[in-house]
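Student: Model the structure of this input:
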Amino acid sequence: MKIYTLHKKQKLPISVDTAWAFLSDPKNLKVITPDYMSFNILSGADRPMYAGQIIQYIVTPILGIKTKWVTEITHIVDKHYFVDEQRFGPYALWHHKHFIKEIEGGVEMEDIIDYKVPFGFIGRLVQPFLVQPKLNAIFEYRKEKLETLFGTYK
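Tutor: Residues are numbered from 1 along each chain as shown. Below you'll find the predicted structure:
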């Protein structure tokens, strides 16, 4: 079983309170997801984030194929980190850690995603030229969108 890791960091010139308020609101995931993914929250985003929260989405990750994705917020420490795990969706495993820490002049956000692609050998074959580049593009979009919303860290 091959598990892949995507690790991203970003600095923004905002307070921990502002970063947490935005990132811990499930409704804002649509704001930082590329339009071509047709991201739509079906349920679970009607309350502030809490451990045990189930959020259901429809997303079009590849080739125009709509996919239902169900995640659970499994861990949360206010203004420090939260973890979402896929319960149903396009990955064989999805474990996403979101960290926020105060730094001089702003915050550093860190995402660590451990994931396993489905379809065994075929999934492992397409991972380096289909899945990994798509994930990198999604997180690059998020980086640019957050800089548009909150400014660039200097």
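
Student: May I ask you to name the longest helix in this structure?
Tutor: Counting residues, the longest helix in the chain under DSSP state H turns out to be helix 132-150.

Student: Flag the shaky bits of this structure, pLDDT-wise.
Tutor: Across the chain, not a single residue meets the criterion (pLDDT under 70).

Student: Confirm Lys97 sits in a strand?
Tutor: Yes. Judged by DSSP: H, G, I helix; E, B strand; the rest coil, Lys97 forms part of a strand.

Student: what's the closest residue to Met49 other than its chain neighbours sitting at in phi/psi?
Tutor: In space, Met49 comes closest to Ser24 once its chain neighbours are excluded; the distance is 4.4 Å by CB to CB, 6 or more residues apart in numbering. Yep, even glycine has a C-beta here, placed from its N, CA and C like the rest. Here the main-chain torsion angles of Ser24 (degrees, to the nearest 10) amount to phi -90, psi 0.

Student: Please tell me how far Ser24 sits from Val77.
Tutor: Remark: distance between Ser24 and Val77 (CB to CB, to the nearest Å) = 11 Å.

Student: Who has more neighbours out of those two?
Tutor: When Ser24 and Val77 are compared on other CB atoms under 10 Å, the one with more neighbours turns out to be Ser24, at 19 against 11.

Student: how close does the more buried one get to Ala92?
Tutor: In this structure, Ser24 lies at 27 Å from Ala92, with CB to CB as the measure.
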